[in-house]
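Visitor: coords below, sequence missing:
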């Protein structure tokens with residue numbers, strides 16, 4: 001296929017081959033009708049006349065089209081053109097989790113847990129909607145702006161679509177050897193607990209840099225998953241908290257009944273993450289370094305006996321001097337700071353200066369309401385435009401509100417007060433009001449008042465509340481019910 005000149009369905013112009021598997025290949029493409037980048041998955045031509053493969057391909061589109069979640073790649077279109085079966089997805093700019101692990105090595109524990117929570121929530125949402133992924137692996141997790149998006153439900157089973165049996169021959173193993181559950185390796189039907197197992201294997205690799213059962217072939221790896229005992233995560237990475245190791249090892253139990261349900265697994269990952277020390281704790285701890293002892297010189301007994309009283313006298317004098325200095329410092333401190341120590345966190349005034357709607361957005365997002373987000377009143381608010389879906393009508397990745405701190409500052413937290421609850425957002429920071437911005441918080445679902453804990457490497461002047469998923473609200477326009485609203489934003493620094 002001549003990439004660069006091929007246009008699918010008269011609309012999707014293929015630009016670059018980004019991936020290929022045994023069943024299909026994926027291209028970055030441009031949607032010429034809407035002027036945006038998309039991802040187009042095309043079934044290999046050799047399978048186009050095979051009804052089983054065509055049905056499985058159709059099933060992927062039907063299954064994922066029903067899954068509207070911020071951590072699941074969105075299906076935009078599906079069809080057949082010139083004998084080619086294709087599915088169109090949102091384009092996710094970034095890298096997959098496998099490449100990230102290969103590039104950086106084992107992830108920090110907090111980072112691995114945050115990604116695990118996002119992936120787990122996506123899979124839990126799919127399970128609630130009757131869809132089992134059955135091929136959870138880091139290659140199927142795309143990382144963009146610090147967030148995870150699960151993709152490739154190509155061998156998913158959707159109960160509600162009456163596709164309860166595999167479309168492959170009986171006994172065919174579905175899944176990837178390094179992450180496959182024991183029951184799948186034995187050719188048995190996959191369940192929600194099979195996805196739990198594969199997520200456990202994914203997290204094991206994220207924390208150790210290696211798969212739980214290395215093998216020379218996919219068949220050998222699958223056999224090890226079915227027969228070998230659960231690997232000792234702490235032996236591979238001793239600094240992982242015991243509670244984290246325990247929950248991942250429970251997810252890797254051979255018997256599906258011994259594994260937690262996905263919701264319980266996610267809840268335990270969240271609890272593990274919340275027990276971790278603050279991200280900057282290691283930088284603020286002061287550890288005394290051992291002092292090298294000078295070699296003792298051989299001296300006569302009478303000489304050593306004569307030096308001991310002198311040494312004690314010197315120590316006593318030094319202690320008296322130190323005590324006097326402490327008394328003077330303490331007295332001066334009391335007289336100059338009668339009101340006590342300063343507060344642990346100082347408020348920072350933020351001013352909303354603009355909406356942030358980068359391409360493929362049009363750069364405008366209710367700019368007239370921007371000042372209402374920091375006017376000191378919760379009765380007024382900035383809000384997004386109205387959209388047909390929670391994913392911005394599948395037109396863009398998100399929108400944001402730019403806040404000016406007045407000067408570069410390292411914020412420690414940012415609190416959003418909103419009249420609409422349930423939308424999803426994270427905080428970004430940068431040195432210019434027009435970007436670029438980098439994530440400095442985890443993604444959270446907004447309540448009436450939501451506090452984001454920030455981890456800002458360097459002082460930044462501009463902060464963005466970046467909204468990644470909208471919520472349905474009574475907007476008076478049933479054709480476009482999805483919005484998000486920000487009534488007030490406050491912030492603190494340490």
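Guide: Received, thanks. Predicted, not measured: the structure shown is a model, and the values here were computed from it. Numbering: from 1, shown residues only.

Visitor: looking at this protein, which helix or strand is least sure?
Guide: The helix or strand of the chain with the lowest confidence, counting by mean pLDDT, DSSP states H and E, is helix 281-284 at a mean of 44.

Visitor: give me the element the closest residue to residue 374 other than its chain neighbours is part of.
Guide: Counting by Cβ to Cβ, 6 or more residues apart in numbering, residue 352 is the residue found nearest to residue 374 once chain neighbours are left out, at 4.5 Å. Glycine gets a C-beta too; all of them are placed from N, C-alpha and C. Using DSSP states H and E, the secondary-structure element containing residue 352 is strand 351-356.

Visitor: domains for the protein, by residue range?
Guide: Structurally, the chain divides into domains by automatic domain parsing as follows: 7-90, 95-165+173-275, 346-493.

Visitor: let me have those in a markdown table, adding mean pLDDT and mean neighbour count as columns.
Guide: Putting these into a markdown table (pLDDT from 0 to 100; neighbours: other Cβ atoms under 10 Å) gives the following:
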| stretch | mean pLDDT | mean neighbour count |
| --- | --- | --- |
| domain 7-90 | 86 | 18 |
| domain 95-165+173-275 | 89 | 19 |
| domain 346-493 | 90 | 18 |
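
Visitor: circling back: give me the distance from whatever helix or strand comes next after the strand holding residue 352 to the chain's centre.
Guide: Moving toward the C-terminus from strand 351-356, the first helix or strand encountered (DSSP H and E) is strand 382-383. With Cα atoms, centre = their mean, to the nearest Å as the basis, the distance from the averaged C-alpha position of strand 382-383 to the chain average is 26 Å.

Visitor: what packs against strand 382-383?
Guide: Secondary-structure packing of strand 382-383 (3 or more Cβ pairs under 8 Å, 6 or more residues apart in numbering; DSSP states H and E): strand 485-486.

Visitor: against which helices or strands is the strand it packs on packed?
Guide: The criterion is 3+ Cβ pairs under 8 Å, 6+ apart, and the helices and strands that strand 485-486 contacts are strand 382-383.

Visitor: neighbouring strands for the helix or strand that the strand it packs on is followed by, and are they parallel or not?
Guide: Reading on from strand 382-383 to the C-terminus, the next helix or strand found by DSSP H and E is strand 399-409. Each strand that strand 399-409 pairs with, and the sense of that pairing, follows from DSSP bridges: strand 351-356 (antiparallel), strand 460-469 (antiparallel).

Visitor: hang on, the earlier thing: residue contacts, the residue nearest to residue 374?
Guide: The neighbours of residue 352, taking Cβ atoms under 8 Å, 6 or more residues apart in numbering as the test, are 370, 371, 372, 373, 374, 382, 401, 402, 403, 404, 489.

Visitor: for those residues, work out which two are farthest apart.
Guide: Set against one another by Cβ to Cβ, the contacts of residue 352 have their most distant pair in 372 and 404, with a gap of 15.2 Å.

Visitor: for stretch 458-478, measure first residue to last.
Guide: End-to-end distance of stretch 458-478: 44 Å, with Cα to Cα, to the nearest Å as the criterion.

Visitor: which strand or helix spans the closest residue to residue 224 other than its chain neighbours?
Guide: The shortest distance from residue 224 to any non-neighbouring residue, by Cβ to Cβ, 6+ apart, is to residue 213 (3.8 Å). Here residue 213, judged by DSSP H and E, is contained in no helix and no strand.

Visitor: so residue 213 sits against residue 225, correct?
Guide: Yes - with contact defined as Cβ atoms under 8 Å, residue 213 counts as touching residue 225 (5.6 Å).

Visitor: quick one, helices of this structure?
Guide: Residue ranges of the helices in the chain, as given by DSSP state H, are 51-65, 97-104, 109-128, 182-185, 192-208, 218-227, 233-236, 242-251, 262-275, 281-284, 301-336.

Visitor: looking at those, which is closest to residue 138?
Guide: helix 97-104 (3.6 Å).

Visitor: starting at the chain centroid, how far to that closest one?
Guide: On the basis of Cα atoms, centre = their mean, helix 97-104 sits 14 Å off its chain's mean C-alpha point.

Visitor: and what of stretch 398-415?
Guide: Counting by Cα atoms, centre = their mean, stretch 398-415 comes out at 20 Å from the chain centroid.

Visitor: and stretch 449-466, by the same measure?
Guide: Averaging C-alpha coordinates over stretch 449-466 and over its chain gives two centres that are 16 Å apart (Cα atoms, centre = their mean).

Visitor: same thing with stretch 87-103?
Guide: Taking the mean of its C-alpha atoms, stretch 87-103 sits 13 Å from the chain's own mean (Cα atoms, centre = their mean).

Visitor: contacting residues around it?
Guide: Applying Cβ under 8 Å, 6+ apart, the external contacts of stretch 87-103 come out as 12, 28-29, 31, 36-41, 57, 60-61, 73-78, 107, 115, 137-145, 148-149, 151, 202, 205-206, 209, 391, 394, 397.

Visitor: now residue 236: how far from residue 109?
Guide: Per Cβ to Cβ, to the nearest Å, residue 236 is found 13 Å from residue 109.

Visitor: my guess is residue 231 contacts residue 212, does it?
Guide: Yes - using Cβ under 8 Å, residue 231 is in contact with residue 212, at 4.8 Å.

Visitor: who touches both of those two?
Guide: 204, 252.

Visitor: chain neighbours aside, what residue packs nearest to residue 358?
Guide: Spatial nearest neighbour of residue 358, chain neighbours left out: residue 435 (6.6 Å); criterion: Cβ to Cβ, 6+ apart.

Visitor: before we move on, what about residue 228?
Guide: With Cβ to Cβ, 6+ apart, the residue lying closest to residue 228 is residue 213, at 6.0 Å.

Visitor: now do the end-to-end distance for stretch 130-139.
Guide: Here the two ends of stretch 130-139 are set 23 Å apart, with distance taken as Cα to Cα.
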